[in-house]
Each structure stands twice: as C-alpha cells, then as structure tokens.
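Student: this one's structure only:
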C-alpha cells in the first residue's frame, strides 16, 4: 500500500534563509503521525511546502501522486484538509460562510461536523472574528474535515488554548483521526502521546529521529530533540 | 442656499463616479496587492468603445436608445480590456507584486500612446440625448439631469456589488481572499479565477465611470488621457477609504467629491485658483493619513 | 559590490568619449537623433545632454527605488522644484547664480524632508499612492500660476542677464551646456556611488531585503528611508536646474506631470533597478530612443507609411511603453540583469 505522504530531499529557502535542508519523510496511511521539534525548526514550513504554499525543491508525493509544481488548490483537491497554525479563519466571514467556502464535494458532511461541534450550528450567523480561540479552532477543524477527505494536515491545534480546552481538543482529534490519516504538528507532548502512533523529529531543517511516541517518556530524548523536559 | 444644494448634488454625482472607479481598484488591491495603473486605461477604453458604438449605429434609433447602448458598451469594453490584461499581462507575474504594478504602468502608457496616435489628443464628442444636457428644477434648486444618471449608476453598482460580495459564492471567495489569499487556495479553491473575476468587475465599473465622467463633467467629450487624470483621484479615494474596503471607498468617494466641489466653488472664486479643489483633496488625504495611517475603513470589506 | 577592472576601464573610456564628443565632427548617417548627420551638431549635443540629465535623475531615483526598495512616485516634484525655483529666482527676481542655486537646493531640501516624513508614515502601496498624490498636487499648483510666478500652462522661459555668459541659452553655448549636463551626471554618480557603497547604503539595501530584520537588530529604518528619499530628491532638483539651463523653458506637462515620474521609473527598470550603471544606461537609451523616434516620425517619407505602421510608430510613448511591458515580462533585472546572466553563462562555459 502506498504512503499517504512521501517526501524526499525537500528544500525550502525563505528570504535568504535555508529553512528546510533536505527533509525526507514518510507518512503511512491511517493513524496519526506527529511532527515534532523545537520552535523554528521548520515544522510549519514543511506542511506549507507539502501544500505548495511556499516554493520548494525536492520530491513530494501525496497519495501516490507526484505533486511537484502543482498549484495549492490542485493538491488540496486530491483530498487534503489543512488546519493551519493560528487557525486562519476568515474573521470577516460568518461561521456559515467559512464552512460554505470549504465545500468541495457534492455532499458536504455537515452532520459529522455538527455532531462533533454542536456549538457551530448555533453560531452559524456569527462573524468568525468574534469567536473565542477555541471556537475558532473548531471552525478551522470543521473546514478541514467537511469534505470527508482522507488526509489532514493539522498545525499546532493546541496553541494558545486553555488547558481544559486542550483535553477537549485531544478528544475531538481522536475522533477525527478515526476518519482520516493525520499529520500533526504539536508541541504539547501529552497530546502527542495520546494521539500519535508515530513521531518524526525535525531539527535544523532535517529529520533527526523517527520512532514510537513512547520514546518521548525518556527525558533525555525529549530534551535532546525538543528542548523540553519530558512530559509526565 | 440653492447654490449650496446644487453643489451638494453635483458633489455626490462626482463622488458616485469616483466610487465606480475606486471600488474596483480597491478590490483588486485587496485581493491581489496590485496597484493597478491600467485602471485609468480601462476608463478611457470604456469611453472610447462607447463613442465608437454610439457614432456607428444609425442615428435614426434615437439618442436615448443609443446612449443606453453606449453605457452597455462602456461596461463591456472596460471589462473585456481588464480581463485580457489580467490573463495575458498580470498572470505571468503572479508572486511579483512590484513587477505587476510596473507592467500596468507600461500598458497604460503604451495603449494611451496608441489612442493618441489613432485619435489625436483632441477630444471626441459622444452623442447624448438632449434630456441629459438639461436640468430639472426643484423649487429654486436647479439640478442637472446628468448628475441624476451618475448618482443612480453609483447607487445601483453599490447595491449590486454589496449583494454580490455578501451573497454569491464568488463574493465570499473574494472577501475571504482579501483577508488571506493563501488560506483560500488551501481550501482547494482556484484563486486565479477570482483574480480574473475582480479584474473583469473592476474593469466594468471603470469603463462605465469613464463614459459617465465624460458625460457629466466633461461636456460629453472624451480624450485619451482623461482616464489617467481621473485615476489619481480614484487612488486618493482608495487610500482615504482604506485599501481593500468597498464601503470605505463609497464613503471616501462621497467625501472627496463633496470637498472638491465645495472648495472649487467657494474658495476658487475668492482665491482665483482654478485648481484649489484638486489641491484640497490632496490636503484631505494628508490629514486623514496623519490621523489614521491605514485609512478610514481598512479591514472591513 | 566590488569594482571589477573591466568596469573601471569601461567607465573611464565612456567618460573620456562623452567628454570629447563636442570636438568630434564625424559624419554618421541614420542613427543620430538630429536631422544633421554630424556627431557634434547642436541637435545631437542637446539630445545627449538631455540623456545625461535624466541619467543623473534616474540614478538618484534608483537610490530610493532600486536600493531602498521604496516605490516613490514623486521624483518629478523635486525635478520641477529644481526647474521652477531656479527659473523664478533668475527670471522674476533677477538673482545672481549662486544665491539662486542655494535657494533652489534649500527649498528642495525642506520640501523633501517635510513631504518625505509625511509620506513615510505609511508603507508599501499607500506610500506609493501618497507620493503620487503630492506630486500631482504640486503639478496643479504650478499649473495654477500662483501670483504669475510659474506662467501656468504657457510656461516660463528662462531670461536672465545675471547668468554667466557661457551658460546662457544661446545656440553657440550648446557645447557648454552639454558639459554642464555631463558634469551634473558625473557629480551625481560620484555622490550616489559614495553613499550606496557606505554603511548607510548597506542599510538601504537591508531595508529593501527585510525591513523587519533591521528593526530586530535595533536599527530604526525611518531615518534611513527619509535619508534615501532626500538624497534622491536633491539629485532630481539638480537635474531640474541642468534641464532649465539646457532647454530654456519650463512647461508643466514636460517637467512636472506624472508622465515624467513614470518615464524615470521606466528608465531605471529598463536598465536594472538597484544597479548604478544600469539606471544610467536605461535612462540614456530611453531618452535617446524617444528623441530619435520623434525625429524619424517627423520625416516626410514617414507620412507615406500605411496607417497601421505609421500610427504606432509615430508615438514614442507607445513604443517605449510596449518595450517596457516586454522587459518586465521577459527580462527580469533589465539590461543589467541580462548582462549579468550573459556573463555568468560565459564564465561557466570558460570554466567548463
């Protein structure tokens, strides 16, 4: 069976700095793969490069298709949902309009979305810019899963959320992951350990470690790759 | 008092035309980061296409019919010119906003040069119905009929544009794109189509503005450089209103039209300066920027 | 940027040739912009002098646009200041040369600081629009002929008995005016060279590349941006002074309209923004072509051409605009970029 994502020797240069220096990465079909690393090592850039949002060189295959040089919308229409860092909901649009914009299939799965986030139904007419951070995150995730796509790229969903919301979020993501393959960028190791079956660690623009999330329990591994004390 | 009201009316008419010109510029800037210097050209092309159509159709059709056809022609001419510009000149330069600005400057110079070569710098006269040259009287106040046409055109376009941006799917795409273009394409939408569309819409409004300006303020005369001189004021309206904001453009267009009209009349006759209206508009721009560097309404489409 | 030996040789050779052109009475058919086919004829010298003037102005503009990365659309304002203040102080007030020059540059300096500071309150596209609006207001002001100073649309001829004899606009003086224009270009080049090679010049480039990074380093870009703006404005005023000496009449449409700004912008982009010799070369070619096309379209045989050829060819504005569009689309980096790519390719071949 082919991988959901297969990347080899991916390079990205932004404004003169060489952000990704030959990233190679394999995301198998099914389950959650977590992409870890300190701040600024290029995790977000990796996701953007996969989607063609930043210019890159190297080989990228998504669901078996060579997508080098493709425009973003074409890559996305292969069936890739994207939940960006900082959510990026359209603040001037209502919740309903945000979702309507994301419709790419004849039968958008509003039932799935609203069973996961009943609150969004009530707030359909509210401008997304006036929602709380947690609610905006719901909109962002809802947009990505509305079409029932097989692959989701999710970038730091827990960033800036209150601790209580983080555990709710993890629960939601657990349910989302049953429907799709997920490549997750996440700093919160508790969330990673709860969700991920595999972890990939980036440092200085390269993949430095791949393995099982349980290895993160070793404080040495955690400190060496992530610059954090082991989560426990 | 009656002079005051007449001036208010023609200021609003002028503002309507500025709105037609500026709202397209603002949309194009908001979505694509392009300062479109060819917008003046679209106005000029609209006016010339209208002239060409109106003078080549049989006069026996009657002036009112010809004028309505001319208005439609100006809209079609402006939008066609804009659409072609986007597809053939702007599109190859995606991701290079400065080059996109430069290329619109070159295009404007080249085509205006061509018009100057073809038609000369002399003005051409657009045939209009007699009614348009007359004025209506409301009590003591005399209101030129052509001002009504400008006002109605401005209002209709504002309503249609608002409806389109609020209700239609492409309107939502455009509003979202103004906020965050990358995220729109990350939802699987081909933003390039929206780019062409805003150029076509902007060009349609610009073409109409070019024709109406000639009819309302220029004695039915059109000239190759007319669009470029209008363009400067459209730019000022866009900056005052806030780049990318349609409602901002509408409000700023009214303010600029009124300020220009009143200062021209009241200060122009005292100071003997023919250009006082234009100068005060620039002064207004400086004041607004000192007070609100991002314009009156930036961030709200 | 290091100065290559070849660069120095080319520069010195060009300097000597242009310095000596007024003594070269060689007959050259076809390519001269004057109807007289002799290199040092008055007509050709005048066109070359105009080339030098705009080359200097373009070079100054390159400091703000090419090096600092700010798309100002206001250089014509300072060019017009040079033209009109100098003209007015001499013609209306009959001042001697030196006070007139001091007054011209003084006013230009004050205007540049005030308007630059206001315009730089906004950035990006808004800055561009604001500079454009100010320049346009300035144009209206000149057209309005306040207190009969500027002569409005009819223009203002330079008439002064206080001007040293060798500078006055007589035809016999064309050679002197040629050298004055050339001197203006050489001085502008020296100043721009010194500034852009200095530490300040490197800050200009850093602003263009990444303004935020500078702020992180604790450098406030505002002062540097204003400095670049003022420098390019003063050079433009110097060009205005040389222009009115050479041409002898100030007409708003020729020296104060936005078209002039756009021409300067096109010159710099054609030649290669951010390179000194590129801006100079672009301006020389632009002005020369413009004048040459005007000559050609005035020739009697031209009227016999079919209209689909005659109409576009008779409009330098069309041809130059079209060339510019093609350059932006297909020749990124202008002439300088093209030469650079050619050199890289040749060196690659020599090595391999």
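Tutor: Yes, it's here. Model, not experiment: these values are computed from the prediction. Residues are numbered from 1 along each chain as shown, chains lettered A, B, ... in the order given.
Student: stretch B:256-276: end-to-end distance?
Tutor: Counting by CA to CA, to the nearest Å, the length from the leading to the trailing residue of stretch B:256-276 is 13 Å.
Student: now do it, average pLDDT.
Tutor: Stretch B:256-276 shows an average pLDDT of 85 in the prediction.
Student: what does stretch C:175-183 give?
Tutor: Per-residue pLDDT values across stretch C:175-183 average out to 95.
Student: distance from it to the middle of the chain?
Tutor: 15 Å (CA atoms, centre = their mean, to the nearest Å).
Student: swap in stretch C:301-315?
Tutor: Centroid separation for stretch C:301-315 versus its chain: 29 Å, with CA atoms, centre = their mean.
Student: is it in proximity to chain B?
Tutor: Yes. Contact between stretch C:301-315 and chain B, assessed by CB under 8 Å from any CB of the partner chain, occurs at C:311, C:312, C:314, C:315. Just so you know, the C-beta spots here come from the backbone N, C-alpha and C atoms, and that holds for glycine as well.
Student: inside helices: which ones of those?
Tutor: When the residues of stretch C:301-315 next to chain B are checked against helices (DSSP state H), the matches are C:311, C:312.
Student: most neighbours, which of the residues of stretch C:301-315 next to chain B?
Tutor: Each of these was scored by neighbours using other CB atoms under 10 Å in any protein chain shown; the highest score is residue C:315's, at 24 neighbours.
Student: tell me the phi and psi of that residue?
Tutor: Note on residue C:315: its backbone torsions stand at phi -110, psi 90 [degrees, to the nearest 10].
Student: how near is it to residue B:225?
Tutor: Applying CB to CB, to the nearest Å, the value for residue C:315 to residue B:225 is 13 Å.
Student: which residues do those two both contact?
Tutor: When contacts are counted by CB atoms under 8 Å, 6 or more residues apart in numbering or on different chains, the set common to residue C:315 and residue B:225 consists of residue B:116.
Student: about what we covered before: would you turn the residues of stretch C:301-315 next to chain B into JSON lines with distance to chain A and pLDDT?
Tutor: Supplementary listing: the residues of stretch C:301-315 next to chain B in JSON lines, determined by distance: CB to the nearest CB, whole Å; pLDDT from 0 to 100:
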{"residue": "C:311", "distance to chain A": "40", "pLDDT": "82"}
{"residue": "C:312", "distance to chain A": "36", "pLDDT": "84"}
{"residue": "C:314", "distance to chain A": "43", "pLDDT": "83"}
{"residue": "C:315", "distance to chain A": "38", "pLDDT": "87"}
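Student: which strands and helices sit next to the helix or strand hosting residue C:47?
Tutor: Counting by DSSP states H and E, the element that carries residue C:47 is helix C:42-62. Using 3 or more CB pairs under 8 Å, 6 or more residues apart in numbering or on different chains; DSSP states H and E as the contact criterion, the neighbours of helix C:42-62 among helices and strands are helix C:75-91, helix C:174-197, helix C:221-247, helix C:258-271, helix C:276-298.
Student: ok, and what's touching stretch C:168-175?
Tutor: Contact partners of stretch C:168-175, identified using CB under 8 Å, 6+ apart, comprise C:22, C:40, C:42, C:45-46, C:49, C:158, C:160, C:166-167, C:177, C:245-246, C:248.
Student: among those, which two are most distant?
Tutor: Using CB to CB, the contacts of stretch C:168-175 reach their maximum pairwise distance at C:40 and C:160, which is 26.8 Å.
Student: settle it for me: which of the two has more neighbours?
Tutor: Legend: neighbour count by other CB under 10 Å for residue C:40 and residue C:160, higher for residue C:160 (21 against 18).
Student: and residue A:176, what is it in contact with?
Tutor: With contact taken as CB under 8 Å, 6+ apart, residue A:176 is in contact with A:116, A:141, A:145, A:152, A:182.
Student: for residue A:213, that is, sorry about that
Tutor: Applying CB under 8 Å, 6+ apart to residue A:213 gives the contacts A:34, A:192, A:193, A:196, A:197, A:198, A:199.
Student: let's go with 6 Å and repeat that
Tutor: A:193, A:196, A:199 (CB atoms under 6 Å, 6 or more residues apart in numbering or on different chains).
Student: among those residues, who's most crowded?
Tutor: Greatest neighbour count in the contacts of residue A:213, by other CB under 10 Å, goes to residue A:199: 26 neighbours.
Student: picking that back up, any idea which of the contacts of residue A:213 is closest to chain C?
Tutor: Relative to chain C, the closest of the contacts of residue A:213 is residue A:199; by CB to the nearest CB it sits at 32.0 Å.
Student: so the closest one, which state does it fall into?
Tutor: Secondary structure of residue A:199, reduced to three states by DSSP: H, G, I helix; E, B strand; the rest coil: strand.
Student: list the contacts of the residue in the stretch 101-250 of chain C that chain A sits nearest to.
Tutor: Distance from chain A to each residue of the stretch 101-250 of chain C (CB to the nearest CB) is smallest for residue C:210, at 5.7 Å. If you count contacts by CB under 6 Å, 6+ apart, residue C:210 has them with residue A:15.
Student: now find how far off-centre the helix or strand containing it is within its chain.
Tutor: Under the assignment given by DSSP H and E, the secondary-structure element containing residue C:210 is helix C:199-216. Taking CA atoms, centre = their mean, the mean C-alpha location of helix C:199-216 is offset from the chain mean by 25 Å.
Student: what angle separates it from helix C:174-197?
Tutor: With axes from the mean of the first three to the mean of the last three CA atoms, to 10 degrees as the basis, helix C:199-216 and helix C:174-197 are set at 40 degrees to each other.
Student: what angle do helix C:221-247 and helix C:199-216 make with each other?
Tutor: Here helix C:199-216 runs at 150 degrees with respect to helix C:221-247, directions being taken by the same axes, to 10 degrees.
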